[in-house]
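> give me a model of this one.
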Amino acid sequence: MKPHILPEQYQPDSFAFTRENEKQVKEILKRYPKGKQKSAVMPLLDLVQKQVEVEGAQATPPYGGWIPTAAMDLIAEIIGEPKIKVYEVATFYSMYKLAPLGKYNIQICGTTPCWLRGAGDLKKACESHLGIKMGETTSDGMFSLEEVECLGACVNAPMIQLNKDDYFEDLTPERMIEILDLLAENRREDIPVGSQVGRNCSVAITGPTTLKQVGEKKKPAAKKAATKKTSTKKAPAKKTAAKKKTTVKKAATKKSTSKAKAAKK
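Alright, predicted model coming up:
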């Protein structure tokens, strides 16, 4: 999908890192050997987006994190690369946003596992409750909706990613609406991340919750397998014995017949 880039007339004239983030820039650059600083382009883009997200949350109307052109130009200067090299990375990866989004960007996973588990119903619930379609932002700047590809939490499907960091899993349309209402009241801290049904990480909902329980369940299965193995070994021995007995009988019958013929002569 072609990235949506904010038109030039709406772009800020300049961008500067905060003092705190200037320290972060130096720390990021230290990770790379001399002459290889161009590899820092991705974490620096991420740092820009996070800074803009913080600033946007305090604006009126609020907006989510994104990367202005001026920030990409600054990164190119920092890593000593042509601007186009930074633009190439920023426009390639979907996690980098090149235009303002809502304060809360709801990313609904629409790949097969999530779709089979009800992602389509989540999508309908969000669109109906917020009054917008996928790819749109509410007029108050609070919410954006986006359908994305696999986010890697298939076992807890269906799920969404909020902004860039938080996963909300095992969702139902009803729970999704509750989350939207809490976010609208700026009560994000009241929403637990991860499973929304109390599941422990990705453990089966009805399965064991500790390693000890897993071990206990395996023991009977091992015992059963051993019994089966013993039975299999005994069976061939029994069959061989029966075969031997039959052969002996046949031999005896043959001998008796020979004796009878000799007596007649």
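
> all strands for the stretch 1-150 of the chain, in order.
104-109, 143-148 (DSSP state E, counting those that start in this stretch).

> can you lay out those as a markdown table showing distance to H129?
For glycine as for every other residue, the C-beta is placed from the backbone atoms N, C-alpha and C. Output for the strands of the stretch 1-150 of the chain, formatted as a markdown table (distance: least, Cβ to Cβ, whole Å):
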| stretch | distance to H129 |
| --- | --- |
| strand 104-109 | 11 |
| strand 143-148 | 9 |
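
> deepest-packed of those strands, please.
Burial of the strands of the stretch 1-150 of the chain is given as mean neighbour count (mean count of other Cβ atoms under 10 Å); strand 104-109 ranks first at a mean of 24.

> just the C-alphas of that one, formatted as PDB.
Extracted as PDB, the C-alpha positions of strand 104-109 are listed here (Å, rounded to 0.1, in the frame of the first residue of the first chain):
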ATOM      1  CA  TYR A 104      -5.200   6.400  19.300                       C
ATOM      2  CA  ASN A 105      -4.400   4.500  16.200                       C
ATOM      3  CA  ILE A 106      -6.400   1.200  16.300                       C
ATOM      4  CA  GLN A 107      -4.700  -1.400  14.100                       C
ATOM      5  CA  ILE A 108      -6.900  -4.400  13.500                       C
ATOM      6  CA  CYS A 109      -5.100  -7.600  12.300                       C
END
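
> next, the spatially most central residue of the chain: secondary structure please.
Nearest to the geometric centre of the chain sits G152, at 1.8 Å (Cα atoms, centre = their mean). State at G152, reduced to three classes by DSSP: H, G, I helix; E, B strand; the rest coil: coil.

> quick one: it from S202, how far?
As judged by Cβ to Cβ, to the nearest Å, G152 and S202 stand 11 Å apart.

> and if you look at M72?
37 Å.

> cool, and L98?
For L98 relative to S202 (Cβ to Cβ), the value is 33 Å.

> mind checking which of these two has more residues around it?
L98 (18 against 12; other Cβ atoms under 10 Å).

> correct me, but that one touches W66?
Yes. Between L98 and W66 there is a contact under Cβ atoms under 8 Å: 6.3 Å.

> joint contacts of these two?
Common contacts of L98 and W66, defined by Cβ atoms under 8 Å, 6 or more residues apart in numbering, comprise L6.

> low-confidence ranges, this protein, go.
Within the chain, the segments meeting pLDDT under 70 span 1-3, 207-209, 214-265.

> domains for it, by residue range?
Following automatic domain parsing, one gets these domains for the chain: 8-92, 104-195, 209-265.

> endpoints of the longest one, how far apart?
Using Cα to Cα, to the nearest Å, one end of domain 104-195 lies 19 Å from the other.

> what's the offset of it from the middle of its chain?
Centroid separation for domain 104-195 versus its chain: 14 Å, with Cα atoms, centre = their mean, to the nearest Å.

> sorry, back to before: which one of the domains of the chain is the most hemmed in?
Burial of the domains of the chain is given as mean neighbour count (mean count of other Cβ under 10 Å); domain 104-195 ranks first at a mean of 17.

> hmm, back to that, closest one to L122 among the strands of the stretch 1-150 of the chain?
L122 lies closest, by Cβ to Cβ, to one member of the strands of the stretch 1-150 of the chain: strand 104-109, at 5.6 Å.

> sheet partners, orientation included, of the closest one?
With DSSP bridges as the test, strand 104-109 is paired with strand 143-148 (parallel), strand 160-162 (antiparallel).

> turn the ones you listed into JSON lines, including distance to E77.
As requested, those are exported to JSON lines (distance: least, Cβ to Cβ, whole Å):
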{"stretch": "strand 143-148", "distance to E77": "30"}
{"stretch": "strand 160-162", "distance to E77": "31"}
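
> out of these, the one nearest I179 is which?
Across the strands paired with strand 104-109, the minimum distance to I179, taken as Cβ to Cβ, is reached by strand 160-162, at 8.3 Å.

> what's the following helix or strand after that closest one?
Moving toward the C-terminus from strand 160-162, the first helix or strand encountered (DSSP states H and E) is strand 166-169.
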